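Asks: Okay, here's the prediction I keep looking at, along with the sequence it came from:
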Amino acid sequence: MNKQELVSALSEELKKDGIEITKKDTFTVVDRLFEIIQDELKKGDGKIQLVGFGTFGVKTRAGRRGRNPQTGKEIQIPSTKVPFFRPGKGLKEMVK
């Protein structure tokens, strides 16, 4: 499922619940939701916990030694921050 398909599915589900919203407005809502998640994660130690669904967060990957594949020379790879998603119990149970 891509973003456009997600927007269409959300729009249809909202219509089933009696909420009339255009696909354009639904697209805006989805975009803003992603922006909020990204802004929180940009803070570095930001964390978004959605009980039953999962947790978005940031981990620090430690620096380490590596090798340049072309020269074989050893290099130092610096530490970096990476986003992660950890599924919640409810989502894990649903997928089983």
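Replies: Now that the structure is in, tell me what you want to look at. Everything numeric here is computed off the predicted structure, so don't read it as measured data. Numbers count the residues shown, from 1 in each chain.

Asks: hmm, what's the outermost residue in the chain?
Replies: Seen from the C-alpha centroid of the chain, the residue lying at the greatest distance (Cα atoms, centre = their mean) is Thr71, 36.0 Å away.

Asks: Surely Lys81 is within a strand?
Replies: Yes: assessed with DSSP: H, G, I helix; E, B strand; the rest coil, Lys81 lies in a strand.

Asks: what residue ranges in this structure score low on pLDDT?
Replies: Applying pLDDT under 70 to the chain picks out no residues at all.

Asks: which residues in it form strands?
Replies: Under the criterion DSSP state E, strands of the chain are mapped to 48-50, 54-61, 64-67, 74-77, 80-87.

Asks: May I have the third one as PDB, with CA atoms only?
Replies: By that I understand strand 64-67. C-alpha atoms of strand 64-67 as PDB (Å, rounded to 0.1, in the frame of the first residue of the first chain):
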ATOM      1  CA  ARG A  64      32.600   1.300  14.900                       C
ATOM      2  CA  ARG A  65      35.600   0.300  12.800                       C
ATOM      3  CA  GLY A  66      35.000  -0.800   9.200                       C
ATOM      4  CA  ARG A  67      36.900  -1.300   6.000                       C
END
